[in-house]
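Chemist: task: produce atomic coordinates for the following.
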Amino acid sequence: MGIHPTAAVHASAIVAGTAIIGPHCKVGPFCTVGPQVELGEGCELISHVVLDGHTRLGKENRIFSFAAIGVAPQDLKYKNEPTHLEMGDRNVIRECVTISRGTHGGGGTTRVGSDCLIMTSAHIGHDSQIGNHCILANAATLAGHVTVEDYVTVGALSPVHQYCRIGQHAYIGGGTVITQDVLPFSLTSAVREGHAFSINKVGMERRGFSKDQLRSLHQAYRTLLAAKLNTAQALEKLKAEKSHSEEVQYLIAFIESSTRGFIK
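Modeler: Numbers count the residues shown, from 1 in each chain. You can find the predicted model right below:
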């Protein structure tokens with residue numbers, strides 16, 4: 001409990017007596033750390049950062065000025081129940097980001113994975129679940145209960161509706177309104193009238209996907225998006241192709257488990 005001897009806390013910061021500040025943490029000027037907050041080793045709060053609620057951060061997270069993390073959810077049904085925010089390691093949270101803790105009716109916990117970049121003025125709403133290696137660009141806005149899987153990029157000024165799910169390795173272009181699930185591995189953009197129009201080839205090449213994996217996904221997307229088939233017919237055709245890759249199997253499972261429908 002308390003502040004580790006190796007932590008550095010600025011004289012102007014306000015840290016509650018029951019907060020846990022781990023080894024080698026830095027708490028900068030005018031930061032406020034609430035009584036149920038726990039910072040893992042090597043975290044840094046630049047200045048004017050607010051951490052509130054039952055909020056637990058892993059190691060080496062860096063949070064920039066005027067971010068508000070673990071604050072009460074923006075939900076009229078919330079009645080100050082003891083809900084949570086959990087964050088992994090090595091995340092970078094830029095200026096004026098807001099991340100709400102969970103609600104009792106939504107599972108109680110908002111989660112952010114590790115190695116994410118959350119850029120200026122982005123918002124992560126209550127009960128959202130963010131994976132690892134994700135990027136939320138400036139002013140990307142996630143409503144409550146949004147699921148973002150690993151290696152997703154959400155472009156600047158893109159709002160995502162409640163309960164939507166964004167599949168792994170998806171790339172959403174700036175200014176795109178998301179009201180349904182976003183297919184894994186896809187490029188989705190307002191420039192193309194809010195449609196998924198291709199696979200995220202460049203992003204996946206950078207992450208080591210092989211030519212065979214990309215070819216298999218490209219063929220699957222041609223069946224889904226370009227062939228004159230409805231979704232049920234396209235899925236039936238994909239399932240009939242026994243040679244498809246693990247990534248295509250995941251794509252099929254994602255579509256079949258979608259409850260909001262998906263952007264096609």
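
Chemist: distance between the worst-scoring helix or strand of the chain on mean pLDDT and the chain's centre?
Modeler: Within the chain, no helix or strand scores below strand 195-199, which has a mean of 78 by mean pLDDT, DSSP states H and E. Put simply, strand 195-199 sits 20 Å off its chain's centre (C-alpha atoms, centre = their mean, to the nearest Å).

Chemist: so for the very next helix or strand once past that strand, what gets flagged as buried?
Modeler: With elements assigned by DSSP states H and E, the helix or strand that comes after strand 195-199 is helix 201-206. By neighbour count on 16 or more other C-beta atoms under 10 Å, the buried set for helix 201-206 is Gly203, Met204. C-beta: built from backbone N, CA, C; applies to glycine.

Chemist: quick revisit: then the least confident helix or strand of the chain to CSV, C-alphas only?
Modeler: Extracted C-alpha coordinates of strand 195-199, given in CSV (Å, rounded to 0.1, in the frame of the first residue of the first chain):
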residue,chain,number,x,y,z
HIS,A,195,-18.3,0.1,-46.8
ALA,A,196,-15.7,-2.6,-46.3
PHE,A,197,-13.8,-2.6,-49.6
SER,A,198,-10.7,-4.6,-49.2
ILE,A,199,-8.3,-6.4,-46.8
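
Chemist: which residues touch that strand?
Modeler: 182-183, 185-189, 214, 217-218, 221, 225, 262-264 (C-beta atoms under 8 Å, 6 or more residues apart in numbering).

Chemist: then stretch 133-144?
Modeler: Contacts of stretch 133-144 (C-beta under 8 Å, 6+ apart): 73, 75, 100, 103, 106, 113-128, 130, 148, 150-162, 164, 174.

Chemist: pull out the buried residues from those.
Modeler: Among those, those buried by neighbour count (16+ other C-beta under 10 Å) are 73, 75, 100, 103, 106, 113-116, 118-128, 130, 148, 150-162, 164, 174.

Chemist: now, these that are in strands?
Modeler: Among these, DSSP state E puts Ser100, Ile118, His123, Ile124, Ile130, Val148, Thr153, Val154, Pro159, Val160 in strands.

Chemist: which two of these have the greatest separation?
Modeler: Maximum pairwise distance among those (C-beta to C-beta): 21.5 Å, between Ser100 and Thr153.

Chemist: same list (the ones in strands among the buried ones among the contacts of stretch 133-144) but as CSV, adding distance to Ser12.
Modeler: Shown next, in CSV, are these (distance: C-beta to C-beta, whole Å):
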residue, distance to Ser12
Ser100, 26
Ile118, 25
His123, 27
Ile124, 27
Ile130, 31
Val148, 35
Thr153, 36
Val154, 34
Pro159, 36
Val160, 36
